[in-house]
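J.: What shape does this take:
(one chain, ligands or ions: 1)
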Amino acid sequence: MKRLVIGVDLGGTIVRAGAFDAQGNMLSMRDIPIEAARGPESGLRKIQRLIEQVRAESEADSLVGIGIGSTGPLDPIRGRIHNPFTLPTWDDVPIVEWMQKAFHVPVTLENDADVAALGEYWKGAGQSIKKLFAVTVGTGVGTALIEEGKIYRGMDGFHPEAGHMILDPNGPLCYCGAHGCWESFCAGPSIVRDILSRDLFHSRLLQMSGGNREKIDARMVADAARAGDTVAREAMEKAERYFGLAIVNVIINFMPEMIVLSGGLMKSSDLFLPAMQAAIEAHSVMLPAKQVRILPAQLGYHAGLYGAAYTIWSQENEQSEQ
Ligand SMILES: [Zn+2]
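T.: Numbering: from 1, shown residues only. Modelled structure (predicted):
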């Protein structure tokens, strides 16, 4: 009998669903725009249909459960999404209860950074790593800690947000309310905000963007820095320096065996990795920080699907061992 779990990855613009067998083979996958502003009920119906399609395409005999990873804040214990920030109108949405009623199987809900890290633990760069820390840098900085294959949870199930650790209280203001947190220095939009605050009169960025400052993105800043543009170089060096400090803080706080890095940042890893290694070298007195392996993630945009499915398969394995 072919049994499967469906993993769902709900982001601010796209929702993906994938069907997985117990060995971690993806049997089918689909994605659609979520159009969150149309309201939670319309969104939940869409997700339900997507799960039905993926289930049908995978030709499995039975559905074991549904694991959902979502952009947060969310409550993994009560199974509700509270995220009017990137899912407009989605305030206190009981997604777990809805899917349980629709499919009559166990349903889990976890933070997207957590399931992406869990995916890397199950089938990606972090397989069999007991203390795995994951960092995703894109439009924000997401982090997760996986211990012995389990998501680390804080009080009341809260997901810790190391991406908002404060690196410089005199730094730029972040929407989290703090000045100078990791995200406010290193996320793509933060790098763009920094470059736009500088005098670009002599910078090749004006040429690269066709004279339209609004077209400048983090990728362009990195390309200009590589080409020797002084202003872009200064902005990137600042982001690289703070990124190195943040990684040092992660190591000092958690001493993971491995840190996996993912997101848009990895396209500029040639710029970020040397500064990070230098920061680690400079802070290896208290701990053997240099022994921490730092690797790129392997599963790309599918990491969250794998990890969401794994939340169900790992429950199954525990039950069968008892
Ligand atoms: Zn912040």
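
J.: and the most centrally placed residue in the chain, what element?
T.: Central residue of the chain (Cα atoms, centre = their mean): residue 113, 3.8 Å from the mean position. Here residue 113 sits within helix 112-123, counting by DSSP states H and E.

J.: Spatially, what comes nearest to residue 266 if we skip its sequence neighbours?
T.: Nearest non-adjacent residue to residue 266, counting by Cβ to Cβ, 6 or more residues apart in numbering: residue 296, 5.4 Å away. (Each C-beta comes from the backbone N, C-alpha and C, glycine too.)

J.: now do residue 267
T.: residue 219 (6.5 Å).

J.: and that neighbour, helix, strand or coil?
T.: helix (DSSP: H, G, I helix; E, B strand; the rest coil).

J.: Could you pull up the residues touching it?
T.: Shown in contact with residue 219 (Cβ atoms under 8 Å, 6 or more residues apart in numbering): 188, 264, 267, 268.

J.: Tell me if I'm right that the last one and residue 220 touch.
T.: No - with the criterion set as Cβ atoms under 8 Å, residue 268 and residue 220 do not qualify as a contacting pair; they are 10.9 Å apart.

J.: for the protein, longest helix please?
T.: If you go by DSSP state H, the chain has its longest helix at helix 230-254.

J.: which parts of that helix are buried?
T.: Buried residues in helix 230-254, counted by 16 or more other Cβ atoms under 10 Å: 231-233, 235-236, 238-251, 254.

J.: quick one: residue 10 and residue 69 touch, right?
T.: Yes - here residue 10 lies in contact with residue 69, judged by Cβ under 8 Å, at a distance of 7.0 Å.

J.: Can you pull the residues that touch both of the two?
T.: Here residue 10 and residue 69 share the contacting residues residue 112, scored by Cβ under 8 Å, 6+ apart.

J.: Just want to know which of the two has more residues nearby.
T.: Between residue 10 and residue 69, counted using other Cβ atoms under 10 Å, the more crowded position is residue 69 (31 against 27).

J.: Quickly note the distance from the more buried one to the ion.
T.: 21 Å (Cβ to the ion, to the nearest Å).

J.: Over to residue 253?
T.: 17 Å.
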